[in-house]
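>>> Fold the stuff below for me.
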Amino acid sequence: MGKRGRGRRRRGFDPRAEAWAGPAPADSPAEVVRGAVDALVLGDDGGGVDMAVARLADVEDPTWARTAGSAVTDALTQGLVGVWTRGWQPAETVRQVGRDLDRVAAAVCADAVVAEHGRHSPATVDPRWSAQVRELEPVPEWGEGYLARAGTRHGLSRFEVVETALRVLAVLRVLPPMRPLGPPPGAFRPAREAAARAVSSADRSRLERVRALLAKAESTEFPHEAEALSARAQELMARHSIDRALLAEEPGESNATAARRLAVDAPYDEHRAVLLHEVAEANRCQAIWHRELGLCTVMGFEDDLDAVELMFTSLLVQAESAMRASGAVRDRSGRGAGRDFRASFLSAFAVRVGERLAESARAAREAAAAETGADLVPLFAAREREVSAAVEEAFGELTHSRVRGPHSEDGWVEGRAAADSASLGGRRPVRGD
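Predicted structure coming up:
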């Protein structure tokens, strides 16, 4: 089964050329930090990194210790500024550091994100950006004493905290450019951006109802109840998207394509990416998978992006729950379900969900057309062309790859059966072939 592959990386980005401050005096803590990060990025250690860490962790001279602590934290916040200019968001930056390093490194990065966020007036930060930062833990006092406080919190020596911070800086330095999803901190202009993203109280109320319905559908133990709840949620999302599309066609109204990045985690990340692709396509969006980063950029209109994110998140919960239940039984040969079974299960689930979503989308458009008397075919065809043009502009030529076929017949059969039972938009389960 084909899927849209990774977007092209932009060429010409040299992590060695990026600096987070002006010239530093030779042999100053700031210069020691910079030299150590350079060595980590270039893989040209020769023992120099350990020496740099030891120097920065030295507390014999209190003045040096304070200056070294400030140099490390200043480098972290300035390193994030460079990451923001390359289009990264706070939550995905912390996640990527954790993927490349470990949990403690992610916590140090999160502290730096919170501290960097605090440097800006709230009015100059995109509310969506601030919402991501609020999900992180409050940072201990930042600055010269941070190394000691972080060491106490994580049970690490000062040497280990400094080493972790330098490795975080090295990861930040080499993060590739991404498509910006909004203005970085300090560049948000409330009046202009608020007008572009105006959402009525009715819209917010409808989305909250959708979230509540899907949450109940995921938590109930009764399949029929889950189906009814998710069916209602799908109806609300579909009608919301259609209403907004019709409104955008009126004089004085405007709408534009946007982008959103969603995490696609291992294991079985390629099959999860296919599921996201199917959900996106059914909602007139396109998903571009950045395999090495475990992320997908989804491009479309805002209301459709809301539907994609909500439905993909809910379907992942349903798929994983159904896979655990199916994997608890033995296959036809009497063996316990293994990796091939689970991979085949998710692959089949994604394929069948795509088929069902396409059916639901057609039914929703036909019902809306009958009710409003509007011809929705040219309207949505035009919007799909706009999305394709936006993808072409953002990513240029895209590579394509194929997910290997299922290795487990039992997993494929169970996955399609689970997809037939998953809660989507129909009032009854859609039966398989």
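
>>> would you say residue 207 is within a helix?
Yes: counting by DSSP: H, G, I helix; E, B strand; the rest coil, residue 207 is part of a helix.

>>> what sits against it?
240, 306, 310 (C-beta atoms under 8 Å, 6 or more residues apart in numbering). Just so you know, the C-beta spots here come from the backbone N, C-alpha and C atoms, and that holds for glycine as well.

>>> looking at these, which has the most residues close by?
The residue in the contacts of residue 207 with the most neighbours, by other C-beta atoms under 10 Å, is residue 306 (23 neighbours).

>>> quick revisit: so which of the contacts of residue 207 sit within helices?
240, 306, 310 (DSSP state H).

>>> Please produce CSV containing the residues you listed, extended by distance to residue 276 and pLDDT.
CSV is the format used below for the ones in helices among the contacts of residue 207 (distance: C-beta to C-beta, whole Å; pLDDT from 0 to 100):
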residue, distance to residue 276, pLDDT
240, 20, 79
306, 14, 88
310, 12, 90
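
>>> What is the nearest of these to residue 339?
residue 310 (29.3 Å; C-beta to C-beta).

>>> Am I right that the closest one is in contact with residue 215?
No: contact criterion C-beta atoms under 8 Å: residue 310 and residue 215 do not qualify, at 10.2 Å.

>>> now the ones in helices among the contacts of residue 207 as a markdown table including distance to residue 318?
Putting the ones in helices among the contacts of residue 207 into a markdown table (distance: C-beta to C-beta, whole Å) gives the following:
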| residue | distance to residue 318 |
| --- | --- |
| 240 | 21 |
| 306 | 19 |
| 310 | 13 |
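
>>> Please name the nearest non-neighbouring residue to residue 262.
Using C-beta to C-beta, 6 or more residues apart in numbering and skipping residues adjacent in sequence, the residue nearest residue 262 is residue 296, 5.2 Å away.

>>> neighbours of that neighbour, just the number please.
26.

>>> Can you verify it is assigned to a helix?
No: remark: residue 296 does not belong to a helix; assigned using three-state DSSP, it is strand.

>>> contacting residues for it?
261-262, 264, 273, 276-277, 287-290 are the contacts of residue 296 under C-beta under 8 Å, 6+ apart.

>>> so how far is residue 186 from residue 88?
Using C-beta to C-beta, to the nearest Å, we find residue 88 at a distance of 15 Å from residue 186.

>>> Compare these two (neighbour count), which wins?
residue 88 (24 against 12).

>>> Now do the same for the more buried one: helix, strand or coil?
Going by three-state DSSP: residue 88 is coil.

>>> that older thread, what is the nearest of the ones in helices among the contacts of residue 207 to residue 71?
Closest to residue 71, out of all of those and judged by C-beta to C-beta, is residue 306, at 43.0 Å.

>>> How much space separates the closest one from residue 204?
11 Å.

>>> Mutual contacts of those two, please.
Joint contacts of residue 306 and residue 204 (C-beta under 8 Å, 6+ apart) do not exist.
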